[in-house]
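Q: Predicted coordinates and the sequence they were generated for:
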Amino acid sequence: MKQEDQGSPAGTWTRANQDMMSVPQKRAGLVAAAMLFIAGVVTLKDFLPALIWAVIFAIGLWPTFSKAARRWPRHRHELIPMLTIAIVLLVFIVPVVMIVVPLLSDAHAASLWVAQVHQTGIAPPAFLGELPYGAKLVPLWQQELGRPGGISALASHAMQGGLLATGRTVGAQAVHRLVLIGFMLLALFFLLRDADDVVEQLRVGSRRAFGAAGEDVGRQIINSVHGTVNGLVLVGLGEGVILGIAYAVAGVPHPTLFGLLTALLAMIPFGAAIAFCVAALVLLAGGSTVAAIVILVLGFAVTFIADHFVRPVLIGGATRLPFVWVLLGILGGVEAYGLVGLFMGPAIMAALILLWREWVGSQKGPINPLASEIAPAGPAEGGTEAEDVA
């Protein structure tokens, strides 16, 4: 029995007869294909975010990956994809370690403080008596927290109020996210390993379904993701590094942690303001008023330059979109799709704007209007246009 070839490139097997299926068979086939597609989406619905993230990572890493593949072609399909996955995994692990280690240190200090106040109670702060109804608040504080063991009773009430249930939910969600990250890395490995075949299959499929316009839209989406990765991720990391150095100089506690949070929040336009405003409040609470003002001024200056000058060049230059549409795509994408919408939103807007520009003829493309459809109308009967206006 002859073994069938399972590794033929896309487009290898073509048909010469145009009438292999009758019209009713084609319609039934389309209905069956649509039902199978819906069934596939329902089956993979919980893993679709991981697959989308794998595609985004593959597009973002492709320039560097392709250079390495050209440099070491013998390792194109095995070693280089595995090293890429290892680097991505390292990028995940390092920030987690940087966040967890300070938190564990603070948690140890907090446990010692809780043990101390369990023995002695917590004295009411001096400003409490100066607040409205302070004469009633101070005795209430003394009754609930000022006596030894008061904080333990308060913690017991909190636990009865559902804190344990919330902790279990958070733990289950964390495990679920770890599973999705593992699946995303696995999908990313196979995408990078078989990228040439996947791209060729998508090209053939898009041309069969949509003609040349499908390939143009796909290319625009890829360019949009490239520009968004550069404009959001790289610029956000730059903001985190600059402000992280400023935090260290200004004396913010855990400047590395604050810098990392700033970099993560800076990937969303105007999101870095949350991080450096919190850092300024920490400095202000510690009595460093001048340092807090410096952090605020520097933070707003850095984010203003990044959001109004650097990002429009990186994202708008790659997608040929006005930055207002990029911004709407980012914010609307986050609202509609969550974190993955940071990249999906601009890609969708870029594809829509491309189709519109080709449709109205402001950009060359396969769906440009015919010249006869946009021929200027002649002057109205009975006189010239100027006479009609008069």
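A: That came through, no problem.
Q: Could you use CA atoms for every contact and neighbour count after this?
A: Fine.
Q: Enumerate every residue touching the closest residue to Ala292 other than its chain neighbours.
A: Once flanking residues are discounted, Ala292 sits nearest to Ala280: 4.4 Å by CA to CA, 6 or more residues apart in numbering. For Ala280, the contacting residues are Ala291, Ala292, Ile293, Ile295, Leu296, by CA atoms under 8 Å, 6 or more residues apart in numbering.
Q: buried residues in the helix or strand hosting Leu30?
A: Element membership for Leu30 (DSSP states H and E) is helix 23-44. Using 16 or more other CA atoms under 10 Å as the test for burial, helix 23-44 gives no buried residues.
Q: ok, residues contacting the next helix or strand after it?
A: Per DSSP H and E, the first helix or strand lying C-terminal to helix 23-44 is helix 48-71. Defining contact as CA under 8 Å, 6+ apart, one finds that helix 48-71 is touched by 75-76, 80, 84, 180-181, 183-185, 187-188, 191-192, 222, 225-226, 229, 340, 343.
Q: Just the ones in helices from the residues you listed, please.
A: 80, 84, 180-181, 183-185, 187-188, 191-192, 222, 225-226, 343 (DSSP state H).
Q: Any chance of the contacts of Ala280 in CSV with neighbour count and distance to Arg311 as columns?
A: Shown next, in CSV, are the contacts of Ala280 (neighbours: other CA atoms under 10 Å; distance: CA to CA, whole Å):
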residue, neighbour count, distance to Arg311
Ala291, 19, 28
Ala292, 26, 27
Ile293, 16, 26
Ile295, 24, 22
Leu296, 19, 21
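Q: And the residues you listed, which two are furthest apart?
A: Across the contacts of Ala280, the longest distance by CA to CA is 8.7 Å; it joins Ala291 and Leu296.
Q: what separates Leu237 from Ala58, distance-wise?
A: Distance, Leu237 to Ala58, by CA to CA, to the nearest Å: 19 Å.
Q: Quick one: low-confidence residue ranges for the stretch 1-150 of the chain.
A: In the predicted model of the stretch 1-150 of the chain, residues 1-7, 18-20, 96-138, 140-150 satisfy pLDDT under 70.
Q: how about 80 then?
A: Residue ranges of the stretch 1-150 of the chain with pLDDT under 80: 1-8, 11-23, 91-150.
Q: what about Trp72, neighbour count?
A: Trp72 is flanked by 12 other residues according to other CA atoms under 10 Å.
Q: same question, Pro9
A: Pro9, neighbours per other CA under 10 Å, totals 12.
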